[in-house]
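Asker: this one's structure only:
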């Protein structure tokens, strides 16, 4: 299992100005130069000292590409925190949080094969907000044509519309992905009604009835014995594959401990030899792992899936 | 008898076509009759066993030599059933994809490829999805916004004739063949998906 943070973690222990590229690596050096020039000017003076350092060729064990990745990571963190505070200041207080929560749910659905939990309240609220925004956009457009200050109203209308489109895309894609999963694993989802909204449950029932009656009509009704007419024997049900690999990030404060062998059967002698069975990870670690291993942690919110 | 050859033909048919081949009712019927043949064989064996043990009709002891045919016929029936189900399910998946891509009624050239059961399925599915869409509320339409929205207004060119006029927020626009327009994305998205309009790439996106 790869732990990307630790790769750069060793580098972080050394202080900034002492980072220097290896003398033998010529090409990454020139690339590093170009990349550093193309980036936005980091306001941190320490970074400029680094640029100079990169030009030096004091041979060292750290290759230039890794070091440059570290720089970029730090720049990005800085940029993220900047835009983060700006976002909060400019928009109204609940809006960006809602959007972020929605985005998290959406990314979660995209990365798993099984149906995720459905937060009924949150999504109903969001749908209401969307309806209000839609009405507001129409009002503004109306004002844009006939009202007192048409240009301002139409600009406001188009900004609102952009925002509305953005949220509505995420929301519709979220719904579509869920519907797709409901249809794909119809028989398996008969047990998963607790993760669906009421509308989805109704959809699922109607869809299963439609699907089943079609298959009965074309195939199984022509078979003689009752036993062969069954469409839902255990080996005929498609279950979602929980062994797909996912990228995730640890957000729980105390970190987590992961059992690598979740769902696998290992012989006794292999079990003795493997020391990597339970691996602890700190908060903020990024890991790449089978979904089954982190499934419960994801459901508790301690681990978050990434795109 | 050929074990599963007809079913194999059905599946090969599916594999050879891009969308779906015309519904092969004859081969399906042949596969189903194969299943009946196997079933017939099984019944024959069963009556033979009953005749051999007339007193012991409740618990028939199966002679070792008679077990293989039973297993074989059962396996053949299951295999045929699986292939038939796969054939039908695959066609249904294609129909569903068609519905999500175009959201239109069945075009006639597709309808000619389908069995009547499949036509019924399509109409039922269409109704199901449309009703879900309507009840969703919030101004959402599951059939629009399929790609992440990049810009608000896009430039399109009309490539099919006979589209008439559409009403946008900026007034009526008549879509004559060969004309280009600069319209908001939401109004024209479904037409682009159908192929009646073609999006002209700007300098940034080419």
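Answerer: Yes, it's here. A quick note: this is a predicted structure, and the numbers were derived from the prediction, not measured. Numbers count the residues shown, from 1 in each chain, chains lettered A, B, ... in the order given.
Asker: on contacts alone, who are the packing partners of the helix or strand of chain B with the lowest mean pLDDT?
Answerer: The weakest-scoring helix or strand in chain B, judged by mean pLDDT, DSSP states H and E, is helix B:185-194 (a mean of 72). Contacts defined by 3 or more C-beta pairs under 8 Å, 6 or more residues apart in numbering or on different chains; DSSP states H and E place helix B:185-194 against helix B:67-102, strand B:153-158, strand B:165-168, strand B:197-199. From N, CA and C alone the C-beta is placed, and that goes for glycine too.
Asker: let's go with 10 Å and repeat that
Answerer: Using 3 or more C-beta pairs under 10 Å, 6 or more residues apart in numbering or on different chains; DSSP states H and E, the elements in contact with helix B:185-194 are helix A:150-184, helix B:67-102, strand B:153-158, strand B:165-168, strand B:180-184, strand B:197-199.
Asker: in JSON lines: these, plus distance to residue A:201 and mean neighbour count.
Answerer: JSON lines is the format used below for the helices and strands packed on helix B:185-194 (distance: least, C-beta to C-beta, whole Å; neighbours: other C-beta atoms under 10 Å in any protein chain shown):
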{"stretch": "helix A:150-184", "distance to residue A:201": "9", "mean neighbour count": "18"}
{"stretch": "helix B:67-102", "distance to residue A:201": "20", "mean neighbour count": "17"}
{"stretch": "strand B:153-158", "distance to residue A:201": "38", "mean neighbour count": "17"}
{"stretch": "strand B:165-168", "distance to residue A:201": "37", "mean neighbour count": "12"}
{"stretch": "strand B:180-184", "distance to residue A:201": "36", "mean neighbour count": "16"}
{"stretch": "strand B:197-199", "distance to residue A:201": "38", "mean neighbour count": "18"}
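Asker: okay, these in JSON lines with mean pLDDT next?
Answerer: Formatted as JSON lines, the helices and strands packed on helix B:185-194 follow (pLDDT from 0 to 100):
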{"stretch": "helix A:150-184", "mean pLDDT": "83"}
{"stretch": "helix B:67-102", "mean pLDDT": "86"}
{"stretch": "strand B:153-158", "mean pLDDT": "79"}
{"stretch": "strand B:165-168", "mean pLDDT": "75"}
{"stretch": "strand B:180-184", "mean pLDDT": "79"}
{"stretch": "strand B:197-199", "mean pLDDT": "77"}
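Asker: could you export the ones you listed as a markdown table, including distance to residue B:21?
Answerer: Converted to a markdown table, the helices and strands packed on helix B:185-194 look like this (distance: least, C-beta to C-beta, whole Å):
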| stretch | distance to residue B:21 |
| --- | --- |
| helix A:150-184 | 23 |
| helix B:67-102 | 9 |
| strand B:153-158 | 33 |
| strand B:165-168 | 36 |
| strand B:180-184 | 39 |
| strand B:197-199 | 30 |
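Asker: ok, residue A:74 to chain B distance?
Answerer: Computed as C-beta to the nearest C-beta, to the nearest Å, the residue A:74 to chain B distance reads 29 Å.
Asker: surely that residue is within a helix?
Answerer: Yes. With DSSP: H, G, I helix; E, B strand; the rest coil as the criterion, residue A:74 is located in a helix.
Asker: that one: how many residues sit nearby?
Answerer: Number of residues near residue A:74 (other C-beta atoms under 10 Å in any protein chain shown) recorded here: 18.
Asker: if I look at it, how far off is residue A:66?
Answerer: Using C-beta to C-beta, to the nearest Å, we find residue A:74 at a distance of 13 Å from residue A:66.
Asker: same question for residue B:173.
Answerer: For residue B:173 relative to residue A:66 (C-beta to C-beta), the value is 55 Å.
Asker: which residues in chain A form strands?
Answerer: With strands called from DSSP state E, chain A shows them at A:245-250, A:256-259, A:278-281, A:286-290, A:303-305.
Asker: can I assume residue A:190 is in contact with residue A:212?
Answerer: No. Look at residue A:190 against residue A:212 with C-beta atoms under 10 Å: they stay out of range, at 11.3 Å.
Asker: need the residues touching each of the two.
Answerer: Shared contacts of residue A:190 and residue A:212, defined by C-beta atoms under 10 Å, 6 or more residues apart in numbering or on different chains, are found at residue A:232.
Asker: contacting residues around residue A:173?
Answerer: Residues in contact with residue A:173, defined by C-beta under 10 Å, 6+ apart, are A:106, A:109, A:110, B:142, B:145, B:146, B:147, B:148.
Asker: redo the residues you listed as TSV? Include distance to residue B:130, neighbour count and pLDDT.
Answerer: Below are the contacts of residue A:173 laid out as TSV (distance: C-beta to C-beta, whole Å; neighbours: other C-beta atoms under 10 Å in any protein chain shown; pLDDT from 0 to 100):
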residue	distance to residue B:130	neighbour count	pLDDT
A:106	23	19	87
A:109	23	21	87
A:110	25	13	87
B:142	10	19	75
B:145	16	21	69
B:146	16	15	71
B:147	21	10	71
B:148	24	10	72
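Asker: helix, strand or coil for residue B:163?
Answerer: coil.
Asker: next one, pLDDT for residue A:210 please.
Answerer: On pLDDT, residue A:210 comes in at 91.
Asker: give me the distance between it and residue A:236.
Answerer: Distance, residue A:210 to residue A:236, by C-beta to C-beta: 18 Å.
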